[in-house]
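Participant: I would like the atomic coordinates for the input below:
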Amino acid sequence: MSGRGDDITIKEAIEKMLDVYKLRRRFDETALIAAWPQLMGNAIANRTKQLYIRDRKLFVKVESSVIKHELLLMRSQIIGRMNEHVGQVVIEDLVIL
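Facilitator: Numbers count the residues shown, from 1 in each chain. All right, here's what the predicted structure looks like:
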């Protein structure tokens, strides 16, 4: 019994479960919200008042017009960075509130 046979890793089992129960997108959305400070840095994360994803759009509410302008200029890079983090397209648009 030295071969793995049909054994799979816990990671593979969780991935399979997420797909079977169609939880993948919700799981990825939650992971992106949690990773916002890591992906964007503390300077932006600390000035973000609200962050949520609805219909493949990332909504970000910020308190500063300077940060709002900066995020607008970085829109495509932010979308790319977020999707790259989860390894698939979860975000298609960015809305700054």
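Participant: lowest-confidence helix or strand of this structure?
Facilitator: helix 10-20 (a mean of 89; mean pLDDT, DSSP states H and E).
Participant: Run through who's touching the host helix or strand of Glu84.
Facilitator: Using DSSP states H and E, Glu84 sits within helix 75-86. For helix 75-86, contacts defined as CB atoms under 8 Å, 6 or more residues apart in numbering pick out 28, 31-32, 35, 39-40, 58, 71, 89-94. From N, CA and C alone the C-beta is placed, and that goes for glycine too.
Participant: and the following helix or strand past that helix, what does it pack onto?
Facilitator: Sequence-wise, the next helix or strand downstream of helix 75-86 (DSSP H and E) is strand 93-96. If you count contacts as 3 or more CB pairs under 8 Å, 6 or more residues apart in numbering; DSSP states H and E, strand 93-96 packs onto strand 57-62, helix 65-73, helix 75-86.
Participant: and strand 93-96, average pLDDT?
Facilitator: The pLDDT scores in strand 93-96 average 96.
Participant: buried stuff in it?
Facilitator: By neighbour count on 16 or more other CB atoms under 10 Å, the buried set for strand 93-96 is 94, 96.
Participant: and if you look at stretch 23-33?
Facilitator: 24, 27-29, 32.
Participant: Which ones among these lie within strands?
Facilitator: Among these, no member falls in strands (criterion: DSSP state E).
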